[in-house]
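The following comprises the amino acid sequence and a computationally predicted model.
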Protein chains: 2
Amino acid sequence: MPTIRDVAALAGVSPITVSRVVNNTGYVSAETRERVEEAIRLSGYVPNTLARSFRWKQTGMLALLLTDITNPFWTTVARGVEDAASAAGLNLILCNTDENVAKQDRYLAALAQKQVDGVLLVPAGEGREPIRFLQRQQVPVVVLDRALPEALADVVRCDSEEGAYRLARLLLDLGHRRIALLNGPADVSTACDRLAGYRRALWEAGLGPEQEIVYHGSFTVASGHEMACRVLALPLRPTACFAANNFIAIGALKALNEAGVAVPREMSLVGFDDLPPALVVDAFLTAAVQPAYEMGRQATSLLLARLSGQAPAARVEIVLPAAIIQRRSAAPPAST
Amino acid sequence: MPTIRDVAALAGVSPITVSRVVNNTGYVSAETRERVEEAIRLSGYVPNTLARSFRWKQTGMLALLLTDITNPFWTTVARGVEDAASAAGLNLILCNTDENVAKQDRYLAALAQKQVDGVLLVPAGEGREPIRFLQRQQVPVVVLDRALPEALADVVRCDSEEGAYRLARLLLDLGHRRIALLNGPADVSTACDRLAGYRRALWEAGLGPEQEIVYHGSFTVASGHEMACRVLALPLRPTACFAANNFIAIGALKALNEAGVAVPREMSLVGFDDLPPALVVDAFLTAAVQPAYEMGRQATSLLLARLSGQAPAARVEIVLPAAIIQRRSAAPPAST
DNA sequence: CTGTTAGCGCCTTCAG
DNA sequence: CTGAAGGCGCTAACAG
């Protein structure tokens, strides 16, 4: 690994001159530049970014902490983030927290030490702690997807409450009155918001808390399957299910299939989140679709703006709308 | 940001003593250690990993370059890599090359400068060049998924030739004689291997080159769609299609649906790669399934072994088998 | 057991 | 236009 000094020796100049050539700073005569460039070529010199980072305290790296890259929603977000980072010449460190606070904290500690320039965080759990930590370490952070208790940090998310409201509303408008919500963990903001939207729609339709049918599980296929089974076992079976994310929807659909329950004839199903068109041959699920790629992109833009000091001083919260896509999985309830 | 010197001053010792306490190296009296630890707590000192990396020439970072994280196959590979890296205390930089050599080269240059400890590479294009580059820069590299012209580097991949052979064989055994291969780019090793396997099966069944029906496109839904359309327009329509990856299969299935061609009644379809069970409600496609997670995991293990000098001196090539999963998309051809 | 010296590769500051 | 000195934060190697 040749260093700047080797190149300098080869070109018969001082290291600083090489530095000037490499970075295009200050004055260098055309002739000297020529000689230096030749020496660089000959030696195969590559500037050591580490030394540079060390001096400038800038690493050219962002980190993205999300629950699980395996979920197409997160995959799409990640792609949006990576594209934006890459376009700005930054690299992206990917971390799967699996909604596990300890794992998240371990990652954050390592990342802070590595002096990443910024963090995009989908907070596991409640989120106050890790953000405080990052701020203490002076690491700029943008929170992705989830709302925050106070205006602790910049947030880019989707309007889950409104999306859930409209999705529940759609079921109500079709005539459903017994709608089961298969939700994620009660302590995740998106799950809360989706519950709130569901609740608002029911309330508006004159259905009180006693008409609510709410299950809390996790955002996984297994959990969706399990919750759907419990719904099917109910004495007075609901006519529709509302899955709070894509995996829950898939799990529920599997359970319904296994039980021989026809969708939407015997049971309507809607879901928050969609599967990307590239993964689905024949889209079937009526869903609230979040602009996943755009969320990733915008969160990254915001973070980059913060890094370069171009963002407004106050915390920013960007809330993107979800789109309701009607397909075939929701229909009026069977007339009983 | 307090430095080691601040802590030293606070504790009334020299910086090196603090270093010894932090890293648990050398002798420090219990009493001194006490004092130093107190000073660390008071000052909120966090060791600067950057400076450390700089001295040690070890960054604790691996990079993964793949074509597109958006494809569930790669997502799964990435998850395997990240899990293994994380377990070893390393972070992972994610790069999408989109099968674009220029983009790949830009990434590699940046990564080499950043002194990542190692690279997991799914080479875009032919692969010789970028590997040479990394080796010149002394960056250990393990090639993922794709075979290499010579034994240039360690490789972890799946046996595409054999998998494709068995998949084609399955169609032949069902009685198909006109089988169209909807393949990826001719210059990608996996596409070559899948063609070779297809060819071998046909050959064994007594079908020569003139019976081969081969399209080369890209590993995308759009390309799969387009190639399937061309197949459908053929005067003597094939009775089966062999999609060389999951996206091509999905595109093809879309095209067949649009054209009202019943699968498998009027056209059988098999694919290389599957969709993860979590993404599919009712698995339908007969496929050769690669152990994606395992590929990622093993490639990372191998890379880690290299980093710690525990791997054998010679280049290693690990070839994992694909599993043939029979489902409902392949059936005997309609009797004509 | 603890401290001093020196240097990793680069770049800012200030003199030539 | 070019170079010399010095230091970023940390830690070997070698004293004490």
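Received the coordinates, thanks.

use CA for all of it now, contacts and neighbours both
Noted.

how far away is the closest residue to DNA strand D within the stretch 151-300 of chain A from DNA strand C?
Nearest residue of the stretch 151-300 of chain A to DNA strand D: A:Ala153, at 25.8 Å (Cα to the nearest atom of the strand). Using Cα to the nearest atom of the strand, to the nearest Å, one gets 30 Å for the distance from A:Ala153 to DNA strand C.

so what's A:Thr97 up against?
A:Thr97 makes contact with A:65-68, A:103-104, A:124, according to Cα atoms under 8 Å, 6 or more residues apart in numbering or on different chains.

any idea which element the closest residue to chain B within the stretch 51-200 of chain A lies in?
Taking Cα to the nearest Cα, chain B has its nearest neighbour within the stretch 51-200 of chain A at A:Ile93, 4.3 Å off. For A:Ile93, the element it lies in under DSSP states H and E is strand A:91-96.

my guess is A:Val289 meets A:Met295, correct?
No - here A:Val289 does not reach A:Met295: they are 12.0 Å apart, not a contact under Cα atoms under 8 Å.

what does the stretch 1-150 of chain A have sitting close to DNA strand D?
A:12-14, A:16-17, A:26-29, A:31-33, A:54-55 (Cα under 7 Å from any atom of the strand).

how about TSV for those, with distance to A:Cys192 and pLDDT added?
As requested, those are arranged in TSV below (distance: Cα to Cα, whole Å; pLDDT from 0 to 100):
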residue	distance to A:Cys192	pLDDT
A:Gly12	67	90
A:Val13	65	90
A:Ser14	63	89
A:Ile16	58	89
A:Thr17	59	91
A:Gly26	57	80
A:Tyr27	60	86
A:Val28	61	87
A:Ser29	65	90
A:Glu31	67	89
A:Thr32	65	90
A:Arg33	62	90
A:Phe54	43	86
A:Arg55	45	85
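
Any quick ChimeraX command for the buried ones out of those?
Of those, the buried ones can be selected in ChimeraX as follows, counting by 16 or more other Cα atoms under 10 Å in any protein chain shown:
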select /A:17,32,33,54
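
What is the nearest of the residues of the stretch 1-150 of chain A next to DNA strand D to DNA strand D?
A:Val28 (2.8 Å).

ok, A:Asp274 touching A:Phe284?
No - A:Asp274 lies out of contact with A:Phe284 (Cα under 8 Å); the separation is 10.0 Å.

okay, these two: which has more neighbours?
Under the criterion of other Cα atoms under 10 Å in any protein chain shown, the comparison of A:Asp274 against A:Phe284 puts A:Asp274 first, with 24 against 15.

Report pLDDT for the more buried one.
A:Asp274 carries a pLDDT score of 91 in this model.

show me the contacts for it.
By Cα under 8 Å, 6+ apart, the contact set of A:Asp274 is A:73, A:246, A:285, A:287-290.

What about those residues, which are in helices?
Using DSSP state H, the subset of the contacts of A:Asp274 located in helices is A:73, A:246.

returning to that earlier point: and for the residue of the stretch 51-200 of chain A closest to chain B, the neighbour number?
A:Ile93 has 25 neighbouring residues, counting by other Cα under 10 Å.

Just the element for A:Ala84, please.
With DSSP H and E as criterion, A:Ala84 is part of helix A:72-87.

residues making contact with that helix?
Outside helix A:72-87, the residues that touch it by Cα under 8 Å, 6+ apart are A:62, A:64, A:66-69, A:91-92, A:273-276, A:292-297, A:299-301, B:69-70, B:72, B:75, B:94-96.

Show me which of these are buried.
Buried subset of these (neighbour count, 16+ other Cα under 10 Å): A:62, A:64, A:66-69, A:91-92, A:273-275, A:292-297, A:299-301, B:69-70, B:72, B:75, B:94-96.

about what we covered before: mind checking which of the contacts of helix A:72-87 are in strands?
Of those, the ones assigned to strands by DSSP state E are A:62, A:64, A:66, A:91-92, B:94-96.

Farthest-apart pair in those residues, please.
A:Leu66 and B:Asn96 (17.6 Å; Cα to Cα).

lowest average confidence, helix or strand, in chain A?
When each helix and strand of chain A is scored by mean pLDDT, DSSP states H and E, helix A:49-56 comes last, with a mean of 86.

check contacts around the residue of the stretch 201-336 of chain A found nearest DNA strand D.
Of all residues in the stretch 201-336 of chain A, A:Leu307 sits closest to DNA strand D, at 19.0 Å by Cα to the nearest atom of the strand. Counting by Cα under 8 Å, 6+ apart, A:Leu307 touches A:117-118, A:140.

And stretch A:89-102, how far out from the chain middle?
10 Å (Cα atoms, centre = their mean, to the nearest Å).

Would you mind checking the average pLDDT for it?
What stretch A:89-102 shows for mean pLDDT is 97.

With stretch A:307-318 instead?
Regarding stretch A:307-318, the rounded mean pLDDT is 89.

And that stretch, end to end?
The straight-line separation of the ends of stretch A:307-318 (Cα to Cα, to the nearest Å) is 17 Å.

Which parts of it count as buried, going by neighbours?
By 16+ other Cα under 10 Å, the buried positions in stretch A:307-318 come out as A:316-318.

cool, stretch A:232-246 as well?
A:232, A:238-246.

hmm, back to that, tell me which residues are up against the strand holding A:Ile93.
Strand A:91-96 is contacted by residues A:60-69, A:82, A:85-86, A:107, B:82, B:91-95 when judged by Cα under 8 Å, 6+ apart.

7 Å instead, please
A:60-69, A:82, A:85, B:91-94 (Cα atoms under 7 Å, 6 or more residues apart in numbering or on different chains).

re the thing from before, of the residues of the stretch 1-150 of chain A next to DNA strand D, closest to A:Ile179?
Using Cα to Cα, A:Phe54 comes nearest to A:Ile179 of those, at 57.1 Å.

Can you pull out the residues in contact with stretch A:230-245?
Contact with stretch A:230-245 is made by A:176, A:178-184, A:194, A:219, A:249, A:266-273, A:333, as judged by Cα under 7 Å, 6+ apart.

Actually, stretch A:169-181.
Against stretch A:169-181 from outside (Cα under 7 Å, 6+ apart): A:201, A:213-215, A:238-243, A:331-333.

pLDDT averaged over it, what's the number?
The average of the pLDDT scores along stretch A:169-181 is 98.

which parts of stretch A:38-54 are buried?
A:39-40, A:45-51, A:53-54.

ok, the closest residue to DNA strand C within the stretch 201-336 of chain A - contacts?
Proximity to DNA strand C, evaluated over the stretch 201-336 of chain A using Cα to the nearest atom of the strand, is greatest for A:Ser308 at 16.3 Å. Residues near A:Ser308 by Cα under 7 Å, 6+ apart: none.

Tell me which entries of the contacts of stretch A:230-245 lie within strands.
Counted as lying in strands by DSSP E, out of those, are A:179-183, A:268-272.
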